[in-house]
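Colleague: I would like to see how this sequence folds:
(chains A, B, C and D)
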There are 2 protein chains.
Amino acid sequence: MLKALGNPHRLALFERLSRCCKPGTTCSTKDEIHHCVGELGEGLDIAPSTLSHHLKELNRAGLVEMERRGKEVHCWVEPATLDELAGFFSGPFASTEARPHRSHTRGATS
Amino acid sequence: MLKALGNPHRLALFERLSRCCKPGTTCSTKDEIHHCVGELGEGLDIAPSTLSHHLKELNRAGLVEMERRGKEVHCWVEPATLDELAGFFSGPFASTEARPHRSHTRGATS
DNA sequence: CCTATTATTCTAAATATGTCGAATACTCGA
DNA sequence: TCGAGTATTCGACATATTTAGAATAATAGG
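Modeller: All right, here's what the predicted structure looks like:
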């Protein structure tokens, strides 16, 4: 998953899908809760084939769901996926509440 | 950050550092709250130069702090870093608290 | 100063990744 | 069935990444 999100274009696609139109939230009408592939690539300057490739990678990584709807293919992110990722970093020692803010150490190699 | 964590070896190093010995938690004595570079690579089967390279990448990405301590170089993860990552995925729509388990995102919701 | 220990830099290689264009597939409506 | 619209696969190339070994640096102790 993290490898898939390591690419700037894929991260942008994932953000677009996860930050908008959650199930239950419905940022627009009930049929528009997902994006189609074409919409997703609008901002980014990449060829359709590249877009398709990246979406496929995101899907293979289990980050993005895809479903054909007529001519279009709609994509979305399951909330559980975000939970899983957030949970990974909110491990036993993550200071989610308190933040002692210790000494600030920068790069070691001088 | 995500790109840096996309590599299996780097992710393993990061996990080792973040899952153990948080500042304030002190998994052992107060001077052993960090790992030195050599310890970190023990499990993984990589050359010292490769280990150093990966640690450098993690440091450049702002994921791992490093500090020389005599012959050794100690590494650790700031809790704030974990917070930042967890927060990124606990966005406005992530169902972090309640988990309604909403089945599919398909047209079900209206 | 010399040596052992620890870690980094440098260089070169094998491999993986990102990208696009052309060709192909899928769907809908005439 | 054909054509338009949408998306994917395939082939190829340029670039990036991973990796290890040799050489180098930094440190502590004699």
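
Colleague: can you list the strands that the least confident helix or strand in chain A by mean pLDDT pairs with?
Modeller: Every helix and strand in chain A was compared by mean pLDDT, DSSP states H and E; the lowest is strand A:35-36, with a mean of 78. Here strand A:35-36 is paired, per DSSP bridges, with strand A:72-76 (antiparallel).

Colleague: list the buried residues of the strand it pairs with.
Modeller: A:V73, A:H74, A:C75, A:W76 (16 or more other CB atoms under 10 Å in any protein chain shown). From N, CA and C alone the C-beta is placed, and that goes for glycine too.

Colleague: next: stretch A:40-47.
Modeller: A:L40, A:G41.

Colleague: over to stretch A:55-74?
Modeller: Buried-residue list, stretch A:55-74, by 16+ other CB under 10 Å: A:L55, A:E57, A:L58, A:A61, A:L63, A:V64, A:E65, A:V73, A:H74.

Colleague: format those as CSV; extra columns: distance to DNA strand C.
Modeller: Listed next are the buried residues of stretch A:55-74 as CSV, based on distance: CB to the nearest atom of the strand, whole Å:
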residue, distance to DNA strand C
A:L55, 11
A:E57, 6
A:L58, 11
A:A61, 11
A:L63, 14
A:V64, 15
A:E65, 17
A:V73, 9
A:H74, 12
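
Colleague: among those, which one lies nearest to DNA strand D?
Modeller: Using CB to the nearest atom of the strand, A:V73 is the member of those that lies nearest DNA strand D, at 4.1 Å.

Colleague: which residues touch the closest one?
Modeller: Listed by CB atoms under 8 Å, 6 or more residues apart in numbering or on different chains, the contact set of A:V73 reads A:C36, A:V37, A:M66, A:E67.

Colleague: thanks again, I'm all set now.
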